[in-house]
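K.L.:
Model the structure of this input:
(one chain, ligands or ions: 2)
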Amino acid sequence: MQYKGIVFDLDGVICHTDKYHYMAWKQIADEIGVYFDEAINDRLRGVSRMESLEIILEKYKGELTAEEKQKLSEKKNNIYRNLLCQMSPKDVSEEVAETLNELKRRNIRIAIGSSSKNACFILRKIGLLEIFDATSDGNNISRSKPDPEVFLKAAEYLKLNAGECLVVEDARSGIDAAAAGGFPCAGLGDAAAYEKTNYPLHRFSEVLSVIENRNR
Ligand code: BG6
Ligand code: MG
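P.N.:
Ligands and ions are numbered 1, 2, ... in the order given. Predicted coordinates for the structure are as follows:
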């Protein structure tokens, strides 16, 4: 089957917001006196905001009510969104911008498949809101990665079947989600070394050769 579309994860693939997630969660962790470091932050990739908080609270000694957890996650989000305000089109590499343009020239449909509820906010900041044919994000799903829902919705918005859409991910939870939904998947960074990844990528622009080789 030819690949007619690509669903891109946002954070860690199209742009990099990891450091902002880290800074915001670190402020919350310090406030409640729980240990938090970059290794724990890595485990939050692809995971929803509330699930991220639960991971951070693994090291927390006390008990928090659902309401307190809700307040903490809202506080984290406010800090995070303030940090995101400094993002601009400069946060998109030339390679990413050129590759997306080339995919459009080749009539490959492109979508975002992100667990983030801030996906559109980020896309607007980095000037990429218009280029994608569809956006599936934390606002239109009830289960986050490794559940395939976010990618299945993206494929539906593109009017394509899972087998026709390549998923591009940097997190293992995202590769698990793609595999669970029946999507072929390409992995960058950590995900390149994961055994479930069909196409390990060294560079973002290599998606062009994946498509070329498949569709020739
Ligand atoms: C994902 C990030 O894109 O979005 C996760 O990789 C994050 O680390 C998740 O927890 C949810 O983000 P948001 O913006 O809805 O808090
Ligand atoms: Mg990611």
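K.L.:
Can you show me the strands along this protein?
P.N.:
5-8, 109-113, 134-136, 165-169, 185-187, 199-200 (DSSP state E).
K.L.:
Neighbours of residue 165, how many?
P.N.:
28 (other Cβ atoms under 10 Å). C-beta: built from backbone N, CA, C; applies to glycine.
K.L.:
Across the sheet, point out what pairs with it.
P.N.:
residue 5 (DSSP bridges).
K.L.:
thought residue 155 was touching residue 162?
P.N.:
Yes: if you go by Cβ atoms under 8 Å, residue 155 and residue 162 touch, sitting 5.4 Å apart.
K.L.:
which neighbours do these two share?
P.N.:
Common neighbours of residue 155 and residue 162 are listed as 181, 183 (criterion: Cβ atoms under 8 Å, 6 or more residues apart in numbering).
K.L.:
So the two - more neighbours on which side?
P.N.:
residue 155 (26 against 19).
K.L.:
So, low pLDDT: which residues of this structure?
P.N.:
By pLDDT under 70, the chain contains no weakly predicted segment.
K.L.:
Residue 119 and residue 187, how far apart?
P.N.:
Shown here: residue 119 relative to residue 187, a distance of 20 Å by Cβ to Cβ, to the nearest Å.
K.L.:
Angles on the backbone of the most far-flung residue of the chain relative to its centre, please.
P.N.:
Distance from the C-alpha centroid of the chain peaks at residue 62, with 31.0 Å (Cα atoms, centre = their mean). When read as degrees, to the nearest 10, the backbone of residue 62 gives phi -90, psi -170.
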